[in-house]
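Asker: Build me a model:
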Amino acid sequence: MNIKELFTIDSAVDHITAKAEQAAAELKEMDALLNEIQKADRSLSRSDLDRIAQNAFDLAAKYGRNVTDYLHTVLEASRAGYKNAEEIAALSLTLQSACDISEELAGQYLMAADNAFQLNGSVEELSRTLDGACTLSDRHAVSMTELAEGLSAVSSQAAASGLDIKETTSALAALLSVTGQSGAETGNAFGNILMYLQQITGEVDGKEIPAEALERFRNACTGLGVSLQEMKNGAMQLKEPMQVLRELSEAYVSLAETDAGRTGLLDVFGTDSSQAEALDGLLKNFGLYEEMLQDYAGGTGTLAAEAAKAADTWEGSLNRLSAIWNETVGNLLDSEAVAAAVNSLGDLLSVISSITDKAGVLGTLGLGAGLYSGLTNTGKRRMSVRIS
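Answerer: Reported below is the predicted structural model:
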């Protein structure tokens with residue numbers, strides 16, 4: 001096929017027809033999600049739903065993500081009772097773009113951080129948390145996917161043990177960088193260590209921690225010259241977990257690899273090598289944890305910067321083009337007859353026929369070309385997306 005044949009009007013129209021079919025199906029999914037969002041929050045009016053749909057197009061175009069990613073997160077946040085579900089969803093979309101993680105995992109990360117550390121749905125606090133995590137991921141080559149999975153696994157135990165979000169995130173990042181364990185495995189192992197430090201019996205990831213094991217751990221720490229308790233306000237209280245780990249690290253690294261003090265501490269975990277490996281890695285690399293604490297604190301603006309870079313990639317540009325195209329098709333589908341065709345999904349070609357009847361062949365071709373220039377001029381069209 002020569003270049004002239006490749007760009008005939010027929011081939012161009014065929015290409016746009018195929019893309020319009022795809023867009024119509026995606027708009028159908030959007031409409032279903034908007035209906036579910038309204039069920040989750042009965043206070044939303046039709047104009048509210050139109051605004052949410054427009055925001056979905058604008059943010060998808062801005063960050064190079066799928067429109068439905070935003071709507072899925074609005075839905076989940078609404079079901080969870082968030083009054084600022086749209087802001088939470090926008091933050092999730094930024095996280096997805098910046099760190100290339102799934103919509104589902106981004107939502108899990110935000111919910112785990114918010115619920116465990118009582119951030120009360122504050123977008124400002126959550127943004128600060130994501131800035132810190134993104135900085136650690138970028139500077140220390142830690143997978144954000146693994147970090148998110150680890151936080152989801154350990155957040156509740158960490159918060160109950162007195163750790164804040166920056167301590168928890170930095171400890172997980174340090175462990176991930178030195179152990180090579182998966183995110184979930186790292187989170188569970190760290191949660192187990194925290195239970196030993198806090199002397200709590202119970203079950204972690206299906207594994208029971210008996211009182212006898214806690215006693216052996218306490219004795220092993222004492223053998224290294226480290227107490228789990230301190231006198232505070234006239235009473236003996238458990239020390240903060242990271243303080244104990246700092247003291248243990250100083251004693252641990254001063255000993256030979258085969259010293260009984262080291263092996264006795266790790267032997268408490270029995271056959272569970274992941275917990276022993278995690279504790280060994282953290283004690284040997286406690287300086288890395290402290291470095292990550294500093295990096296976390298200085299991460300302001302990292303999330304937005306990374307999202308902007310990701311949106312400028314080839315994949316991001318294609319996703320932006322897709323969002324603009326879907327929005328334009330949605331504008332052309334603004335008629336009862338076309339809506340009925342989409343709802344039946346019996347013959348999407350009738351939808352395409354309606355589009356081409358409205359735009360005309362030359363208009364349709366011009367529209368296709370105009371989409372490319374529209375990549376730098378998004379967010380200026382307002383529309384109603386409801387097609388059912």
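Asker: Any chance you could give me the helix or strand where H72 lies in PDB, C-alpha atoms only?
Answerer: Taking DSSP states H and E as the criterion, the element that holds H72 is helix 67-79. What follows is helix 67-79, C-alpha atoms only, in PDB (Å, rounded to 0.1, in the frame of the first residue of the first chain):
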ATOM      1  CA  VAL A  67     -11.500   8.300  32.500                       C
ATOM      2  CA  THR A  68     -13.000   5.300  34.300                       C
ATOM      3  CA  ASP A  69     -10.100   5.200  36.800                       C
ATOM      4  CA  TYR A  70     -11.200   8.500  38.200                       C
ATOM      5  CA  LEU A  71     -14.900   7.500  38.300                       C
ATOM      6  CA  HIS A  72     -14.100   4.100  40.000                       C
ATOM      7  CA  THR A  73     -12.300   6.000  42.800                       C
ATOM      8  CA  VAL A  74     -15.100   8.500  43.200                       C
ATOM      9  CA  LEU A  75     -17.500   5.600  43.600                       C
ATOM     10  CA  GLU A  76     -15.400   3.700  46.200                       C
ATOM     11  CA  ALA A  77     -14.700   6.900  48.200                       C
ATOM     12  CA  SER A  78     -18.400   7.700  48.100                       C
ATOM     13  CA  ARG A  79     -19.300   4.200  49.300                       C
END
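Asker: same for that helix, what does it pack against?
Answerer: Helix 67-79 sits against helix 9-40, helix 46-63, helix 85-99, helix 103-116, with contacts defined as 3 or more Cβ pairs under 8 Å, 6 or more residues apart in numbering; DSSP states H and E. To be clear about C-beta, it is placed using only N, CA and C from the backbone, and glycine gets the same treatment.
Asker: Provide the contact partners of it at residue level.
Answerer: Helix 67-79 is contacted from outside by 26, 29-30, 33-34, 36-37, 40-41, 52-53, 55-57, 59-60, 84-86, 88-90, 92-93, 96, 103-104, 106-107, 111, 323, 326, using Cβ atoms under 8 Å, 6 or more residues apart in numbering.
Asker: Enumerate every residue touching the closest residue in space to S78 that isn't next to it in sequence.
Answerer: Excluding the flanking residues, the one nearest S78 by Cβ to Cβ, 6 or more residues apart in numbering is A40, at 3.9 Å. Counting by Cβ under 8 Å, 6+ apart, A40 makes contact with L75, S78, R79.
Asker: Spell out which helix or strand contains M236, please.
Answerer: Using DSSP H and E, M236 sits in strand 235-238.
Asker: ok, back up a step: pick out the one among the contacts of A40 with the largest number of neighbours.
Answerer: Greatest neighbour count in the contacts of A40, by other Cβ atoms under 10 Å, goes to L75: 24 neighbours.
Asker: any low-confidence regions in the stretch 151-300 of the chain?
Answerer: Along the stretch 151-300 of the chain, segments meeting pLDDT under 70 span 204-206.
Asker: can you give me the helices for it?
Answerer: Under the criterion DSSP state H, counting those that start in this stretch, the stretch 151-300 of the chain contains helices at 165-179, 183-197, 211-223, 241-253, 260-267, 273-284, 286-297.
Asker: Return the distance of the nearest residue to A80 once chain neighbours are set aside relative to S92.
Answerer: Spatially, and ignoring its direct neighbours in sequence, A80 is nearest to M111 (6.6 Å; Cβ to Cβ, 6+ apart). For M111, the distance to S92 equals 10 Å [Cβ to Cβ, to the nearest Å].
Asker: Name the residue in these two with the higher neighbour count.
Answerer: S92 (31 against 19).
Asker: Let me see the contact set for the more buried one.
Answerer: With contact set as Cβ under 8 Å, 6+ apart, S92 has these partners: D69, Y70, T73, E103, A106, G107, L110.
Asker: One more: E230?
Answerer: Neighbouring residues of E230 by Cβ under 8 Å, 6+ apart: M236, Q237, K239.
Asker: ok, now K284?
Answerer: V178, S249, Y252, V253.
Asker: Filter those residues down to the buried ones.
Answerer: V178, S249, Y252 (16 or more other Cβ atoms under 10 Å).
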